[in-house]
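S.K.: Sequence plus predicted model, see below.
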Amino acid sequence: MANKKIPMRQCVGCHEMKNKKNMIRVIKTASPEEPEKAEIILDTTGRKNGRGAYICPNKECLEKAVKNKGLERSFKMSIPRDVYEMLTKEMEKLET
């Protein structure tokens, strides 16, 4: 019996390849008619529709992603400061 392939994803903060199940998915949801109304949210289920980027479940990787603009590069748009603050608060909830 063949071994099952484990899906790997690269963290936008630390740029390490890790198991998809151990990472948090951040998604950009937008309608094609109004791209300026894009919404950036954490997808804890991993099943929501939208463009996804993966990040390790710790604050250090989120800080690195903010510093090196990893999420902005992944979503090809500038991300407002309040979105990063919201992501930080949600990340703190997941760590506890």
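M.R.: In hand now; what should we look at? Numbering: from 1, shown residues only.
S.K.: which regions of the protein lie under the pLDDT threshold?
M.R.: For the chain, the stretches with pLDDT under 70 are 31-36.
S.K.: At which residues are the helices of it located?
M.R.: Assigned by DSSP state H, the helices in the chain fall at 59-67, 70-75, 81-95.
S.K.: Those: which one's closest to Thr29?
M.R.: helix 70-75 (10.6 Å; CB to CB). The C-beta positions use only the backbone N, C-alpha and C, and glycine is treated the same way.
S.K.: which of the residues in the closest one are buried?
M.R.: By 16 or more other CB atoms under 10 Å, the buried positions in helix 70-75 come out as Gly70, Leu71, Ser74, Phe75.
S.K.: swap in stretch 53-69?
M.R.: For stretch 53-69, the buried set under the neighbour-count rule, 16+ other CB under 10 Å, comprises Ala53, Tyr54, Ile55, Cys56, Asn58, Cys61, Leu62, Lys64, Ala65, Val66.
S.K.: Over to stretch 39-51?
M.R.: By 16+ other CB under 10 Å, the buried positions in stretch 39-51 come out as Ile40, Ile41, Leu42, Asp43, Gly50.
S.K.: Just the terminal-to-terminal distance for it.
M.R.: End-to-end span of stretch 39-51 (CA to CA, to the nearest Å): 11 Å.
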